[in-house]
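Asks: need the 3D shape of this:
(2 chains)
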Amino acid sequence: MRESAAAPELNNPRNLFATPSNHYHQGGRSMPTDIRIENIADYVGQEVTIKGWLYNRTDKGRLQFLQVRDGTGIVQVVAFQKEVAPEVFADIGRLTQESSLIVTGIVRADERAPGVPGGYELSLTGLQIVQIAEEYPITLKEHGIEFLMEHRHLWIRSSRQWAILRIRATIIKAIRDWFDNHGFILMDTPILTPAACEGTTTLFATDYFGTPAYLSQSGQLYNEANIMAFGKVYCFGPTFRAEKSKTRRHIMEFWMVEPEMAYVDLNGCMEVGEQLVSYIVQQVLEKRGPELQLIERDTSKLERIVPPFPRISYDQAVEMINELGHDQGVSIEWGDDFGAPQETLLSEHFEKPVFVHHYPTAVKAFYMAQEPDRPETCKSVDLLAPEGYGEIIGGGERSPDIEFLEEQIRRHNLPRAAYEWYLDLRRYGSVPHSGFGLGVERTVAWICGLHHIRETIPFPRLLGRIYP
RNA sequence: AGCGAGGUAGCUCAAUUGGUAGAGUGGCCGGCUGUUAACCGGUUGGUUGUGGGUUCGAAGCCCACCCUCGCUGCCA
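Replies: Numbering: from 1, shown residues only, chains lettered A, B, ... in the order given. Sure, this is the predicted structure:
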């Protein structure tokens, strides 16, 4: 279903730019309708107005093709010299790349017309130039990544980046819809925090009126408090990691959704994960077909993403890695956490995301519940995306046992006082519970089939880059 | 943070052994009635990252510094 089919454009005041005196519209007809390009199929045969920017222009002499984008799509506008007013045709010749303009024309279905969605074009009847853009730095030719990152504020206009960020928005909407429709309630957790949640990674420090504070690296501990009040909750916000990671999988500021559920065990946790991830992928397939086509994503690989997902134990994963990785020199010893090569190897082996559960207790966070029969393993789970994309979910069942947690806090050298409220949760009605974190940018990278995470967010914060 | 690669026209890159710094693209001018990053002709375009050194001569060789990219570790 399209969001606003033929509904009037509520957020698009008709006379924002256009005025009768400088509008080339030929009199006699009714006023053209303001539309957005994503809805163009509903207006075949009608005269419409589109407000946007010039993406590209092909000058054929007495015939001009304009590629106009309006934020919702790209449409081809066609103008034959003999069919438009002389002053309009002269104005077309002045248009530079990214000039802002308001075009009016008759919508026509034509298979030759490129664009998003393609197949429709506008026969120009009127043109109003809003601004002639200065020489635009980003051409349709190839550019290096350094140049593009330096111009990220303009790069997001390019069709590929635009499509990726539209898919990102759909992924985020799917996440929120799924939780809202499955008994979860949104609980925002603080971004300014007094101490490390897990104490294992580097935090961005800031000053909180004279006392040190840190930017949140997870809302989980607060969510453990929230579930005792609300049952099933999720938080969704930015997360900050000051690790000096410089890989295609890392950014310093990323978005993470973290569900937490009372009275749910490790298996229930995996069930929620596979239902959520499947829903996200299917929503993107349904809502963002043209964008997926534009970025040339192989959608057959996404169509397979339906429950159930394979589940293997860490023990089995270690065996698989040592078998599969034999030729490539990839191996692992029981007790070690997976590195990038091990994760890639595993995730390339499955067509669907794969759960790996029961990691060694020693490599996971202090709050993970131990497996009673095998305390050297814990009720943790990661979800590895296919095609070599690696970890997109990390989580598991939390320990409800106050004595175990007190010992873990000591063992990890965490400041006991900062966790006193957390220990309270085990004093007053402690219950089995679990949860996980899903990294939005890694999910976008996988669904879009991207080489690097920097293209999954409008303005990525990378090691050594905070501009623009 | 460790290892590796690189910085030349607005952009993407080339320049043999140290010997006149070039192409494509963009911009500009002209041509073309179905282009898909259009095409064709002409034209414009340089403090070779910065500072020092070697040399008759340095984009290239030496020293120092700055910046970027890739991989790894850490993790989502």
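Asks: going by C-alpha atoms from here, please, whenever you check contacts or count neighbours.
Replies: Fine.
Asks: is residue A:121 in a bridge, and if so with what?
Replies: Bridge pairing for residue A:121 (DSSP bridges) gives the partners residue A:76, residue A:108.
Asks: equivalent analysis for residue A:33, please.
Replies: Beta-bridge pairing for residue A:33 (DSSP bridges): residue A:48.
Asks: isn't it right next to residue A:48, touching?
Replies: Yes: between residue A:33 and residue A:48 there is a contact at 4.6 Å, judged by C-alpha atoms under 8 Å.
Asks: so those two - more neighbours on which side?
Replies: Shown here are residue A:33 and residue A:48; by other C-alpha atoms under 10 Å, residue A:48 has more neighbours (23 against 16).
Asks: quick one: residues contacting residue A:363.
Replies: Residues in contact with residue A:363, defined by C-alpha atoms under 8 Å, 6 or more residues apart in numbering, are A:335, A:336, A:337.
Asks: swap in residue A:44?
Replies: Taking C-alpha under 8 Å, 6+ apart, one finds A:106, A:107, A:108, A:109 in contact with residue A:44.
Asks: top of the residues you listed by neighbour count?
Replies: Of those, residue A:107 is surrounded by the most neighbours, 22 neighbours in total, counting by other C-alpha under 10 Å.
Asks: isn't that one right up against residue A:123?
Replies: Yes: between residue A:107 and residue A:123 a contact is recorded at 6.6 Å, counting by C-alpha under 8 Å.
Asks: now for whichever strand or helix holds residue A:87, which elements pack on it?
Replies: Take DSSP states H and E as the rule and residue A:87 turns out to sit in helix A:86-94. Here helix A:86-94 touches strand A:120-131, going by 3 or more C-alpha pairs under 8 Å, 6 or more residues apart in numbering; DSSP states H and E.
Asks: go with 10 Å
Replies: Under the contact definition 3 or more C-alpha pairs under 10 Å, 6 or more residues apart in numbering; DSSP states H and E, helix A:86-94 sits against strand A:47-59, strand A:63-69, strand A:74-80, strand A:120-131.
Asks: near RNA strand B, which residues of the stretch 351-468 of chain A?
Replies: Within the stretch 351-468 of chain A, the positions near RNA strand B by C-alpha under 7 Å from any atom of the strand are A:363-364, A:391-394, A:437-439, A:441-442, A:452, A:464-465.
Asks: of these, which belong to helices?
Replies: Among those, DSSP state H puts A:441, A:442 in helices.
Asks: so which of the residues of the stretch 351-468 of chain A next to RNA strand B wins on neighbours?
Replies: The most crowded member of those, judged by other C-alpha under 10 Å, is residue A:442 (28 neighbours).
Asks: list the buried ones in whichever strand or helix holds residue A:206?
Replies: Element membership of residue A:206, judged by DSSP H and E, is strand A:205-208. Using 16 or more other C-alpha atoms under 10 Å as the test for burial, strand A:205-208 gives residue A:205.
Asks: then stretch A:167-176?
Replies: Across stretch A:167-176, burial judged by 16+ other C-alpha under 10 Å covers A:167, A:168, A:170, A:171, A:172, A:174, A:175, A:176.
Asks: what's downstream of the strand holding residue A:206, the next helix or strand?
Replies: Counting by DSSP H and E, the next helix or strand C-terminal to strand A:205-208 is strand A:211-215.
Asks: distance from the chain centre to the next helix or strand after that following strand, please.
Replies: On the C-terminal side of strand A:211-215, the nearest following helix or strand under DSSP H and E is helix A:220-230. Distance, stretch centre to chain centre, for helix A:220-230: 25 Å (C-alpha atoms, centre = their mean, to the nearest Å).
Asks: and helix A:220-230, what does it pack onto?
Replies: By 3+ C-alpha pairs under 10 Å, 6+ apart, helix A:220-230 packs against strand A:185-186, strand A:232-240, strand A:253-262, helix A:420-427, strand A:433-439.
Asks: which of the ones you listed sits most buried?
Replies: strand A:433-439 (a mean of 25; mean count of other C-alpha atoms under 10 Å).
Asks: got any residues that touch both of residue A:33 and residue A:48?
Replies: residue A:104 (C-alpha atoms under 10 Å, 6 or more residues apart in numbering).
Asks: go ahead and confirm residue A:72 touches residue A:39.
Replies: Yes: at 8.7 Å, residue A:72 and residue A:39 qualify as touching, with contact defined as C-alpha atoms under 10 Å.
Asks: and residue A:306, how far from RNA strand B?
Replies: For residue A:306, the distance to RNA strand B equals 19 Å [C-alpha to the nearest atom of the strand, to the nearest Å].
Asks: kindly report the same for residue A:45.
Replies: The gap separating residue A:45 from RNA strand B is 14 Å, by C-alpha to the nearest atom of the strand.
Asks: what about the strand or helix carrying residue A:146, distance to the chain center?
Replies: According to DSSP H and E, residue A:146 maps onto helix A:145-150. Mean-position distance between helix A:145-150 and its chain equals 20 Å (C-alpha atoms, centre = their mean).
Asks: repeat for stretch A:167-178
Replies: Its chain's C-alpha centre lies 8 Å from the corresponding centre of stretch A:167-178 when counted by C-alpha atoms, centre = their mean.
Asks: so does it get close to RNA strand B?
Replies: No: residues of stretch A:167-178 contacting RNA strand B under C-alpha under 7 Å from any atom of the strand: none, with a closest distance of 13.9 Å.
Asks: quick one: end-to-end distance for stretch A:73-90.
Replies: End-to-end distance for stretch A:73-90, by C-alpha to C-alpha, to the nearest Å: 26 Å.
Asks: quick one on the thing from earlier: tell me the first helix or strand C-terminal of the helix holding residue A:146.
Replies: helix A:152-155.
Asks: average pLDDT for stretch A:459-468?
Replies: On average, the pLDDT along stretch A:459-468 is 89.
Asks: in that stretch, what counts as buried?
Replies: Using 16+ other C-alpha under 10 Å as the test for burial, stretch A:459-468 gives A:459, A:460, A:461, A:462.
Asks: export those residues to a markdown table and tack on secondary structure?
Replies: What follows is the buried residues of stretch A:459-468, written out as a markdown table (DSSP: H, G, I helix; E, B strand; the rest coil):
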| residue | secondary structure |
| --- | --- |
| A:459 | coil |
| A:460 | coil |
| A:461 | coil |
| A:462 | strand |
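Asks: nearest to RNA strand B, of the residues you listed?
Replies: Of all the buried residues of stretch A:459-468, residue A:462 has the smallest distance to RNA strand B: 7.6 Å, by C-alpha to the nearest atom of the strand.
Asks: the closest one: what's its closest spatial neighbour, skipping adjacent residues?
Replies: Leaving out its chain neighbours, the residue that sits closest to residue A:462 by C-alpha to C-alpha, 6 or more residues apart in numbering is residue A:251, at 5.2 Å.
Asks: does that neighbour lie in a helix or a strand, and which?
Replies: When elements are defined using DSSP H and E, residue A:251 is found to belong to no helix and no strand.
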